[in-house]
Structures are given as structure tokens and as C-alpha cells.
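Participant: Build the 3D model from these lines:
(one chain, ligands or ions: 1)
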Amino acid sequence: MNVLQVSAEIFPLLKTGGLADIAGALPAALQTVGCQVRVVLPGFPAILDDLGDSWVMAELTAPWGERLQLRQGRLRTLALDAYVIDLPHLYARPGSPYEDAWRQPYADNHRRFALLSWVAAQLAHGLDTHWQPQVVHSHDWHAGLTSAYMAFMSHSSLRVATVFTIHNLAYQGVFSPACFYELGLPHEAFGVNGVEFYGQLSFMKAGLYYSDYITTVSPTYAREIQTPQQGCGFDGLLRTRSGSLSGILNAVDDAVWNPAIDHHLSNRYNVSDMIGKSNCKAALQEELGLTIQADAPLFGVVSRLTDQKGLHLVMGAIDAILSRGGQLVVLGTGDAYLESLFKARAAQHPQTVSVRIGYDEAYAHRIFSATDVTLVPSQFEPCGLTQMYGLKYGSLPLVHSVGGLADTVVDCSLENMAEGRANGFVFDDFNQQALERAVARAFALYARKPEWKRVRACGMRQDLGWQSAARQYAALYRHLCA
Ligand code: ADP
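Facilitator: Below you'll find the model as predicted:
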């Protein structure tokens with residue numbers, strides 16, 4: 001089974017969030033279940049630089065008349081065959097792939113990402129005479145137009161199935177309707193039965209409307225997005241597509257996120273030898289100028305600082321954490337108001353609160369290794385990866401019961417503990433009191449060391465690997481191609 005994966009990001013070459021982690025891990029996981037995967041990517045500098053021994057496999061003209069080269073080669077870091085769009089004018093820009101230095105979306109984002117989809121559609125339509133995908137699997141709004149382009153191409157005898165995965169429905173790729181006419185789609189595509197979304201153009205809508213099948217990254221989120229509360233305006237469409245929509249829970253790449261082999265850590269450890277974790281905690285406390293105290297529960301946040309992540313609840317709960325003798329370490333970047341609020345709290349409590357604004361992959365690993373609790377109080381969360389990294393690193397997740405958080409974290413209630421299923425702390429109501437009660441439960445359990453260790457070990461032993469998800473994707477591909 002030949003599968004073409006279409007995404008804007010891929011770990012470790014370019015990452016702004018969980019999408020990259022999944023796009024980086026899924027190809028290798030799919031290879032283990034018999035799929036041959038190639039990827040098509042925009043030619044961001046980090047991606048082009050990694051493309052070894054590449055050649056120009058096609059010269060093409062974009063729908064708006066711009067010439068481009070499509071390079072083919074192998075991504076050295078990932079040992080993965082790739083097609084990369086070489087058009088520096090669109091992609092050779094420093095910093096975020098989506099925004100300028102003032103955090104404004106680039107004015108030509110519609111072209112930059114439509115081109116990704118348009119090229120993917122050419123590949124689906126036989127552009128590479130040596131390799132023909134049977135399935136095109138595109139991810140998030142950046143790749144949403146792929147299925148739309150494919151739907152309007154002249155039909156050959158070959159049928160190529162399309163799968164579209166929603167990693168976050170809140171990012172919808174919405175553009176002015178004027179942009180539509182540059183993109184080379186036929187007039188009739190701009191309608192309610194097409195890419196039109198409340199008078200605008202939405203790349204996400206294109207993926208939802210034209211793909212043969214829609215997946216999202218957890219079973220609970222697949223149900224939630226069919227409700228008006230969480231459907232972001234798409235719930236009606238998603239309900240009509242409910243027979244072709246399901247959730248496949250994301251997984252963790254054990255080669256990247258594994259405290260037993262993690263080269264980012266000062267000390268390595270595993271579930272039967274946890275000394276290294278205590279050393280990681282002491283080392284981080286020392287590095288950050290926090291009081292070096294083994295028995296002070298250390299809470300961690302590694303997150304985009306946006307309203308979605310519920311961090312105003314953490315802000316409100318800082319006193320509850322500190323008054324009980326806890327400490328807090330935050331790594332994140334995002335909304336300016338959250339950045340400055342967190343920085344101000346760290347300045348008030350230099351020995352118990354540390355806040356670093358920025359994006360730092362290695363430091364994120366060290367936080368999961370050092371902390372006792374990973375806070376993920378998201379208002380909504382398609383899957384969430386940080387709670388899973390917390391589980392693997394023995395940092396008990398404390399989460400709001402939504403989306404993939406609800407699918408991966410089991411609260412330390414007495415019955416769950418008795419059944420040996422508990423692996424963290426879960427709160428239902430999205431408010432500060434509920435979060436603080438969960439924080440209080442974390443302190444109560446922390447005081448009972450044998451039980452804390454049992455719960456922590458349960459989390460660390462949990463199977464979060466790719467095998468199950470890869471099998472489900474492969475089964476879906478086979479079903480669609482049958
Ligand atoms: P989302 O994709 O919504 O941001 P996820 O939990 O699915 O949330 O994935 C977030 C990913 O980004 C994780 O790999 C997490 O470790 C990483 N991450 C988030 N913020 C930072 C940061 N400031 N520095 C380093 N890694 C970060």
C-alpha cells in the first residue's frame with residue numbers, strides 16, 4: 001500500500017506543535033504495518049537542508065502562474081522519501097512557518113499552503129511515473145485543499161483514496177473569498193457544498209467536505225466536534241459525515257520520548273530504577289534557582305500559551321500550589337498577556353516559580369523528567385501529547401476531562417486506584433475551583449509515597465506506542481481502497 005502523507009510540519013525538522021510530532025512518527029509506524037510512505041512538504045529551509053541527494057523531478061506552474069520546482073530525495077534525519085516544493089519566494093522565511101516577526105499571518109498563506117495541496121494532488125494524479133500513491137493522507141488545514149483539488153481532476157481509471165486528519169478544528173485556514181479565484185479550483189467549489197464557510201474560504205472545510213474519510217486524533221474529540229459547543233461551526237457538516245469520521249488516538253514516539261535513553265536528560269531512568277528522576281529534579285531546581293527540595297511537589301507546564309490551554313486556571317491556582325509547599329516550572333510561548341502574567345508571577349516567587357518564554361525542545365524533555373505533575377487543563381484538547389509525555393516520564397498528568405485528555409488519563413479515585421488503573425488527576429468542570437481540588441488531590445497522594453509510586457509506575461508502564469494507531473490507519477486505508 002503506497003501512502004502519500006501531506007503536512008506542513010514534520011518533527012524534528014520543523015515543529016510548532018503536536019502536528020509535527022505525529023507527522024514525523026506516523027510514516028515509520030506505518031512502514032511496520034506494511035505501508036510504503038512518502039511525504040510531500042513545503043520547502044522551508046530546514047526541510048530543504050535535510051533533503052539529501054535530491055533532484056528536480058518536475059517543473060510546474062502554480063495555478064496563479066508562478067513557476068516552481070518539485071524536488072525529490074530522502075530526508076536524512078528521518079530516512080524518509082520526500083517530495084519538497086522548492087520555491088524560496090514562498091517558503092524561505094525565518095521564524096514561524098505561518099507568521100511574520102509581528103506574529104501576523106503571512107498575507108500569502110493561501111498560496112503557500114494551497115500549493116502544498118495542489119502538488120499533492122498532482123502526485124496523486126500520476127506526476128511521478130515511478131511511484132503512485134493509493135492513499136493520500138493530509139493533515140490539518142494547511143493540507144485541507146488536497147482532497148478538493150483531487151475531486152476536480154479529470155478521472156483516470158485509478159482511484160486514489162483520500163484521508164484527512166483534524167489535529168485541531170479551531171485552526172480553520174480561513175481566507176477572504178477573493179483568494180479563492182487564485183487557487184485554480186472550479187467556480188462551483190465555492191459554495192456551501194464546497195470550500196465556502198460563512199462567506200469565507202476555509203481550507204479546513206475543504207478537507208472535511210471532499211475527503212473520503214475524516215479522522216481525528218482521539219475518539220472523544222471525534223464525538224465532541226459533532227456538537228455545537230466544540231464543532232467550531234463545522235458540527236453540522238461533521239454530523240452529516242459521521243459515518244466517515246472516527247478518532248484514532250495519537251501515540252508517542254518511543255525513540256524520542258523515553259527517559260531510559262533520552263540524551264537531553266542529565267540522568268536517565270526507567271520504571272524499576274527511578275533514582276535518575278530524583279537527580280533530574282534536583283538538577284533542574286538548581287539550574288533554575290529554585291529551592292532544592294526533594295519533597296516539594298514540582299508542577300510543570302510545557303505548552304503553547306493560548307486560551308485553548310486553560311492556563312488562566314493555572315495562573316489562578318499558583319497560590320494554592322505554593323501555599324502547600326509546591327513549586328512550578330513553565331515553558332511556553334504564545335499570547336503576550338499570558339506571557340507577561342506568568343513572568344510577573346515568577347518575578348514575585350523566584351525560589352518557587354520559574355517561567356521561561358520561548359520554544360526549547362531539549363528543555364521540554366528536562367521538564368518532564370524533573371517534574372512530579374504535568375498540568376494540562378485545556379479547555380478543549382484534540383488529543384494532547386504533553387500528558388502522554390508526562391506519563392512516560394513519571395510526571396503524573398493533571399488534566400481537564402476533554403478530548404484526548406479524557407481518553408488517556410484516569411483519575412486517582414479510590415476505585416480506580418483499587419483497580420490499578422489510576423495514572424493521574426482529572427477534573428470535570430472547567431473552572432479554577434475544580435482545578436484546585438485536583439491540585440489538592442495531587443498533594444494528598446504525594447504525601448502517601450507508596451501509593452504515589454504505584455500510580456506513577458502504572459502511568460510509566462502504559463502502552464502509548466504507535467502499534468495500535470498504525471494498525472488502525474492501515475485498516476482504514478485498506479477499507480477505503482477495497
Ligand atoms: P498542541 O499541538 O495543541 O500545541 P500537543 O500537546 O498536541 O499540543 O503538542 C504540543 C507539542 O509541542 C509537544 O511535543 C510539546 O512538548 C511541544 N511544546 C509546546 N510548547 C513548547 C515549548 N515552548 N518548547 C518546546 N516544546 C513545546
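Participant: Trp131: what's it in contact with?
Facilitator: Contact analysis of Trp131 by Cβ atoms under 8 Å, 6 or more residues apart in numbering lists Asn2, Arg38. All C-beta atoms are positioned from the backbone trio N, CA, C, and that covers glycine.
Participant: Any stretches of the chain with poor pLDDT?
Facilitator: The model of the chain has pLDDT under 70 over residues 155-157.
Participant: what helix or strand does Ala438 sit in?
Facilitator: According to DSSP states H and E, Ala438 maps onto helix 432-446.
Participant: Against which helices or strands is that helix packed?
Facilitator: helix 311-323, strand 396-400, strand 425-427, helix 449-461 (3 or more Cβ pairs under 8 Å, 6 or more residues apart in numbering; DSSP states H and E).
Participant: mind running it again at 10 Å?
Facilitator: In this structure, helix 432-446 packs against helix 311-323, strand 373-376, strand 396-400, strand 425-427, helix 449-461, with contacts taken as 3 or more Cβ pairs under 10 Å, 6 or more residues apart in numbering; DSSP states H and E.
Participant: Render the CA-only coordinates of that helix in PDB, please.
Facilitator: This file holds the C-alpha atoms of helix 432-446, laid out as PDB (Å, rounded to 0.1, in the frame of the first residue of the first chain):
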ATOM      1  CA  GLN A 432     -10.500  27.300  39.000                       C
ATOM      2  CA  GLN A 433     -12.100  25.600  42.000                       C
ATOM      3  CA  ALA A 434     -12.200  22.300  40.100                       C
ATOM      4  CA  LEU A 435      -8.600  22.600  39.100                       C
ATOM      5  CA  GLU A 436      -7.600  23.500  42.700                       C
ATOM      6  CA  ARG A 437      -9.500  20.400  44.000                       C
ATOM      7  CA  ALA A 438      -7.400  18.300  41.600                       C
ATOM      8  CA  VAL A 439      -4.300  20.000  42.800                       C
ATOM      9  CA  ALA A 440      -5.300  19.200  46.400                       C
ATOM     10  CA  ARG A 441      -5.700  15.600  45.400                       C
ATOM     11  CA  ALA A 442      -2.300  15.600  43.900                       C
ATOM     12  CA  PHE A 443      -0.800  16.900  47.200                       C
ATOM     13  CA  ALA A 444      -2.800  14.300  49.200                       C
ATOM     14  CA  LEU A 445      -1.500  11.500  47.100                       C
ATOM     15  CA  TYR A 446       2.100  12.900  47.100                       C
END
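Participant: what separates that helix from the chain centre, distance-wise?
Facilitator: 27 Å (Cα atoms, centre = their mean, to the nearest Å).
Participant: returning to what we had before: let's have the helices and strands packed on helix 432-446 in JSON lines, adding mean neighbour count and distance to Cys383.
Facilitator: Listed next are the helices and strands packed on helix 432-446 as JSON lines, based on neighbours: other Cβ atoms under 10 Å; distance: least, Cβ to Cβ, whole Å:
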{"stretch": "helix 311-323", "mean neighbour count": "18", "distance to Cys383": "18"}
{"stretch": "strand 373-376", "mean neighbour count": "29", "distance to Cys383": "11"}
{"stretch": "strand 396-400", "mean neighbour count": "28", "distance to Cys383": "12"}
{"stretch": "strand 425-427", "mean neighbour count": "23", "distance to Cys383": "15"}
{"stretch": "helix 449-461", "mean neighbour count": "17", "distance to Cys383": "17"}
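Participant: Figure out which of those is closest to the ligand.
Facilitator: Smallest distance to the ligand across the helices and strands packed on helix 432-446 (Cβ to the nearest ligand atom): 7.4 Å, for strand 373-376.
Participant: Gly126 is in contact with Val160, correct?
Facilitator: Yes. Shown here, Val160 and Gly126 form a contact pair, counting by Cβ atoms under 10 Å, at 9.3 Å.
Participant: tell me the secondary structure for Ser54?
Facilitator: Following DSSP: H, G, I helix; E, B strand; the rest coil, we place Ser54 in the strand state.
Participant: So for it, what's the nearest residue that isn't a sequence neighbour?
Facilitator: Nearest in space to Ser54, with sequence neighbours left out and distances taken as Cβ to Cβ, 6 or more residues apart in numbering, is Gly73 at 3.0 Å.
Participant: List the buried residues for the helix holding Ala438?
Facilitator: Neighbour-count burial for helix 432-446, counted by 16 or more other Cβ atoms under 10 Å, picks out Gln432, Ala434, Leu435, Glu436, Ala438, Val439, Arg441, Ala442, Leu445, Tyr446.
Participant: Over to stretch 55-66?
Facilitator: Neighbour-count burial for stretch 55-66 [16+ other Cβ under 10 Å]: Met57, Leu60, Ala62.
Participant: Those residues into a markdown table, with extra columns for secondary structure and distance to the ligand?
Facilitator: A markdown table is the format used below for those (DSSP: H, G, I helix; E, B strand; the rest coil; distance: Cβ to the nearest ligand atom, whole Å):
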| residue | secondary structure | distance to the ligand |
| --- | --- | --- |
| Met57 | strand | 31 |
| Leu60 | strand | 31 |
| Ala62 | coil | 29 |
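Participant: Tell me the one among those residues nearest to Gly199.
Facilitator: Nearest to Gly199 among the buried residues of stretch 55-66: Ala62, at 25.4 Å, using Cβ to Cβ.
Participant: OK, contacts around the residue in the stretch 101-250 of the chain that the ligand sits nearest to?
Facilitator: Relative to the ligand, the nearest point of the stretch 101-250 of the chain is Asn168 (5.9 Å; Cβ to the nearest ligand atom). By Cβ atoms under 10 Å, 6 or more residues apart in numbering, the contact set of Asn168 is 17-19, 140-141, 204, 216-217, 221, 232, 308, 380-383, 403.
Participant: so Ser246 is in which element?
Facilitator: strand 245-247.
Participant: To clarify, my last question referred to Gln5.
Facilitator: Using DSSP H and E, Gln5 sits in strand 2-6.
Participant: From what I see, Leu238 and Thr215 are in contact.
Facilitator: No. Using Cβ under 10 Å, Leu238 makes no contact with Thr215, being 11.9 Å away.
Participant: Could you let me know which of the buried residues of helix 432-446 ends up closest to Ile292?
Facilitator: Using Cβ to Cβ, the buried residues of helix 432-446 come closest to Ile292 at Tyr446, 17.4 Å.
Participant: Report the contact partners of that closest one.
Facilitator: By Cβ under 10 Å, 6+ apart, Tyr446 lies in contact with Asp295, Ala296, Pro297, Arg324, Gly325, Gly326, Asp372, Val373, Leu396, Trp452.
Participant: Great, nothing more from me.
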